[in-house]
Structures are given as C-alpha cells and as structure tokens.
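Peer 1: Have a look; sequence and predicted model below, questions after that.
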Amino acid sequence: MKFGVSTWLWTSPFKTETISLFPKIKRFGFDFVEVPIEDPALIDGKVVRRALDDHGLTCVGCGAFGPTRDLTHSDPKVHANCFDYINRSLDLCVELGTDVFAGPMYSAVGKRRLLAPAQRQAEWNLAVTNLRKACELAGQRQMRLALEPLNRFETDLVNTAADVARMVDEINHPAAGVMADSYHMNLEERNNEQALRTIGHRLAHVQVSDNYRGCPGKGQVRWDTFKQGVLACQAAGYKGGIAIESFTPEIVELAGAVCFWRHMEPSQDGFAEDGVKFLKQLFA
C-alpha cells in the first residue's frame, strides 16, 4: 500500500511554487502527492513532474467543481466550460505522470435540494451522459476518472457507495471509476467494509481523514472495517494508494467552502506525520 497527502492540508490553490512542500512530504514518509487542480493555468506540469521525480514521489490529480463547472446545469455553456476544465486537467495529469483524475465531477459541490423524483432523474441522466463524454476524454489519454460520493450537506446527487456504483455502471465506460473518502463515508454509510465491497473493482482512488476531518486514528472512524474494505477492493484489483485529505482555516476561501472554522490538530505538519504513521501501522 502506498500513502499520499493532499497539499490542501497546507495551502490552496496548488501552483508551481507549491513544490516547496515536496521535501517535507517525502521526509514525513509519504509515497505520493495529491495535487488539487483548481486552476490548471497556475501549474507548470513539466516543473512539477521534475520536482516529483527529484524527491521520489508520484501523484494523483484531483479536480475542483464549483458552480461554473457543473455537468448537470441547465445551461449547456456551463457544461462546455466544465469540459474545457476537464480537458486541461487531464492534459496536466498526463504531464504529471498520473493516470487518475478524481473528484465529484458529476455536479457542482454545494447543490443540495429536495427535488421532485422526475427532476432528480433528469439530472442523474444528464450527469451520466456528460460523464460518459468525460470518460471518452480520459480514455483517449489512457486515464481513469474517479467519481467521489459526497455527504448530503455537499450534494444531493451521489452520496453513497451504492449511488456511485450505480452511476459508474450506467456510464458503462472502462475509464469510469470511484474515489472513496472515509470522511463522507462516515456520514453516509452504515458499514465501511460493506460500502467498499459495494464499490469493489470500480475503486480508483482513496482519501482519508477521521470523522471530524482530522488526523486518521484520532477520532471515531471504524478503521478496522475500513481496512477490511480496502483489502477486499485490492483483492478485486485495486492497485492505487490512500491519501490523507484535509484543510486549514488559514486559507480563508477554501476554509469557507469546506466549513473549516478551526484547526483540527495543533500543527498541519503534525497532522501529516501522525496520520501517515497511523496508516502505515494499520496496513502493516
């Protein structure tokens, strides 16, 4: 098992200069970096790839999907903007040497409404149709999309393992996969192991934090069942790693988006160090 960390733990947005974090990420014992691609124009892929190589790290790309990047929007111009962003992000992922681009790309984060069944089904169908197109873009680059279910406070479309498994099956494209996140699972699933078994062979990436979005192992998540679920996905063919994802209230815009009003640990570096030590012990 390989372990990684999102640079959102320290900063946002990721830009070329964020490679200054790579030495300590490697020193803490991580194998890869999760690169949040908020704006592809801020990232020189060649420079970042060289820095990854220099520090013996690999990466996974993650997307950010706000109101202007919404594949279920009523305006096709918004779809076009989202496809342009996905295209540029996939090109960057190729430069960075990763074959996974992850995120809740089926809709805009923050859309949470009590819809009539017919309208919800219409948005679901639109998401499936547009994500199949996005999978074509990924497939042309030998890449895979990892769709992330979010908790009910962040989306009304895909909340559970069962939801995302059904969506991937309806997309019916080899580039369609799933990202599982222990934070959202802790809010939406009854059993971590069963949720991950439901995802099974579809799994393409894993993110973790504890129930309070803090350091893994310091909260209430049932890590024993989570581990068994990940092992079951490995038996079904999962070859990816596990990345710590959390945030800091110091980055005001991102903190507001994810409702991060306080520090979850005394230091972000300590968060990363303690987290990777716990995960390595868990999967030893």
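Peer 2: Cool, got the structure. Residues are numbered from 1 along each chain as shown.
Peer 1: After the helix or strand of the chain with the lowest mean pLDDT, which helix or strand is next?
Peer 2: When each helix and strand of the chain is scored by mean pLDDT, DSSP states H and E, helix 252-258 comes last, with a mean of 87. Sequence-wise, the next helix or strand downstream of helix 252-258 (DSSP states H and E) is helix 268-282.
Peer 1: Let me see the ranges of the helices in the protein.
Peer 2: 22-27, 45-54, 76-96, 117-139, 161-171, 182-188, 192-199, 223-235, 252-258, 268-282 (DSSP state H).
Peer 1: Rounded mean pLDDT for the longest one, please.
Peer 2: This means helix 117-139. Per-residue pLDDT values over helix 117-139 give a mean of 98.
Peer 1: Distance to S246 added to the helices of the chain, as TSV?
Peer 2: The C-beta positions use only the backbone N, C-alpha and C, and glycine is treated the same way. Converted to TSV, the helices of the chain look like this (distance: least, Cβ to Cβ, whole Å):
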stretch	distance to S246
helix 22-27	14
helix 45-54	21
helix 76-96	22
helix 117-139	27
helix 161-171	21
helix 182-188	8
helix 192-199	18
helix 223-235	16
helix 252-258	9
helix 268-282	7
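Peer 1: With distance to I244 and mean neighbour count added, can I get the ones you listed in JSON lines?
Peer 2: Shown next, in JSON lines, are these (distance: least, Cβ to Cβ, whole Å; neighbours: other Cβ atoms under 10 Å):
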{"stretch": "helix 22-27", "distance to I244": "10", "mean neighbour count": "16"}
{"stretch": "helix 45-54", "distance to I244": "17", "mean neighbour count": "16"}
{"stretch": "helix 76-96", "distance to I244": "19", "mean neighbour count": "18"}
{"stretch": "helix 117-139", "distance to I244": "25", "mean neighbour count": "17"}
{"stretch": "helix 161-171", "distance to I244": "20", "mean neighbour count": "20"}
{"stretch": "helix 182-188", "distance to I244": "10", "mean neighbour count": "22"}
{"stretch": "helix 192-199", "distance to I244": "16", "mean neighbour count": "21"}
{"stretch": "helix 223-235", "distance to I244": "13", "mean neighbour count": "18"}
{"stretch": "helix 252-258", "distance to I244": "15", "mean neighbour count": "14"}
{"stretch": "helix 268-282", "distance to I244": "5", "mean neighbour count": "18"}
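Peer 1: Nearest to C215, out of these?
Peer 2: Closest to C215 of those, according to Cβ to Cβ: helix 268-282, at 4.8 Å.
Peer 1: Next, the angle from that closest one to helix 223-235.
Peer 2: 70 degrees (axes from the mean of the first three to the mean of the last three Cα atoms, to 10 degrees).
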